[in-house]
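In: sequence unavailable; structure follows:
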């Protein structure tokens, strides 16, 4: 198992006893993290039930296109220390394994989702964006500027990636492709081509498993590090430290581990049902949905395996450009949102 000096340094910061917990949290406070402020207006609690759990008295459309009614949940995933909202499960590294097990069975897992109460406005995710930042996790940029970040999940090659890359290059649009271990093993030429064409390659885990079922830190490291090592062997370069949990399923402890390994976890704010190769959405419905959901600061999730995405991408990007949008790399995401720095 390989650890960078950066990873080791962060892991060492977790080596505190229970009696030192307040001191560890004080270190977070020193960075200016103030989670009492709630800029998105989302409930202080964090949902564990996916997109069905929404802030009180709000109606909207779910990520899958269904209507979603409001509900309030309380999981107690954060605690207040010196007026600061901080994750409860900051524990010594030796305790992380047991924490993973407890989180897996204790209702603290999360299933990421969004719903869209107002067209072309930032959706409401089922976790507070400021809370996510404590783990270097993003679903969107909080901005009024018409920028968006294009990302593609690539579990396997389905004959569309080269065409998608050509369209992206036509629009001078940077993008990140999140690849699995199956993809780096079975389609190394595609992964190499993505990198050689100047696109970012991110980590989508070794086996695309439901990561909320991972109960040991060793298995988590295997799922992430193996893809990283495959990529470095293939390209001769280190992998970009962007991680996307398959299906958006994760736990607090896993976000903490990803951060300790130097990764930023990338969720999304714009997506639609494009992932089923046998039930692809029509061109018209795909364009209508995506054009309604795009918003300033969006992190867009599309699947590179989708024939519909391949077919509509040029028209989609042209329309967004006409509406005033520009495309940015994940490297351009501001790191200090909510951190008061």
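Out: Ah, there it is. In this text, all values refer to a predicted model and were calculated from it rather than measured experimentally.

In: strands of the stretch 201-341 of the chain, start to end?
Out: For the stretch 201-341 of the chain, the strands defined by DSSP state E, counting those that start in this stretch cover 242-243, 249-251, 264-266, 298-303, 326-328.

In: what comes up buried for the last one?
Out: Read that as strand 326-328. By neighbour count on 16 or more other CB atoms under 10 Å, the buried set for strand 326-328 is 327-328. Bear in mind the C-beta positions are built from the backbone N, C-alpha and C, glycine included.

In: partner strands of it, parallel or antiparallel?
Out: Pairing partners of strand 326-328, with direction, according to DSSP bridges: strand 147-154 (parallel).

In: so what's residue 293 closest to, chain neighbours aside?
Out: Spatially, and ignoring its direct neighbours in sequence, residue 293 is nearest to residue 270 (4.8 Å; CB to CB, 6 or more residues apart in numbering).

In: any idea which of the strands of the stretch 201-341 of the chain is most buried?
Out: For the strands of the stretch 201-341 of the chain, average neighbour numbers computed from mean count of other CB atoms under 10 Å are highest in strand 242-243, which has a mean of 26.

In: what is that strand packed up against?
Out: Strand 242-243 is packed against strand 200-203, strand 264-266, with contacts defined by 3 or more CB pairs under 8 Å, 6 or more residues apart in numbering; DSSP states H and E.

In: can we see that at 10 Å?
Out: strand 175-179, strand 200-203, helix 217-235, helix 252-260, strand 264-266 (3 or more CB pairs under 10 Å, 6 or more residues apart in numbering; DSSP states H and E).

In: flag every buried residue along the longest one.
Out: By that I understand helix 217-235. Neighbour-count burial for helix 217-235, with 16+ other CB under 10 Å as criterion, is recorded at 217, 219-228, 230-231, 234-235.

In: pLDDT (mean, whole number) over that helix?
Out: Over the span of helix 217-235, the pLDDT mean works out to 93.

In: then the shortest one?
Out: When pLDDT is averaged along strand 264-266, the result is 96.

In: partner strands of that strand and their direction?
Out: Determined by DSSP bridges, the sheet partners of strand 264-266 are strand 137-138 (parallel), strand 242-243 (parallel).

In: ok, the first one next?
Out: Paired strands of strand 175-179, with direction, are strand 147-154 (parallel), strand 200-203 (parallel) (DSSP bridges).

In: check the nearest residue to residue 264 once chain neighbours are set aside and give its pLDDT.
Out: Using CB to CB, 6+ apart and skipping residues adjacent in sequence, the residue nearest residue 264 is residue 136, 4.6 Å away. The predicted structure scores residue 136 at 92 on the pLDDT scale.

In: count of residues packed around residue 136?
Out: Close neighbours of residue 136, defined as other CB atoms under 10 Å, add up to 19.

In: please name the residues that touch it.
Out: Residue 136 is in contact with 241, 243, 255-256, 258-260, 262-266, 335, counting by CB atoms under 10 Å, 6 or more residues apart in numbering.

In: flag the shaky bits of the chain, pLDDT-wise.
Out: In the prediction, the chain carries residues with pLDDT under 70 at positions 1-108, 336-341.
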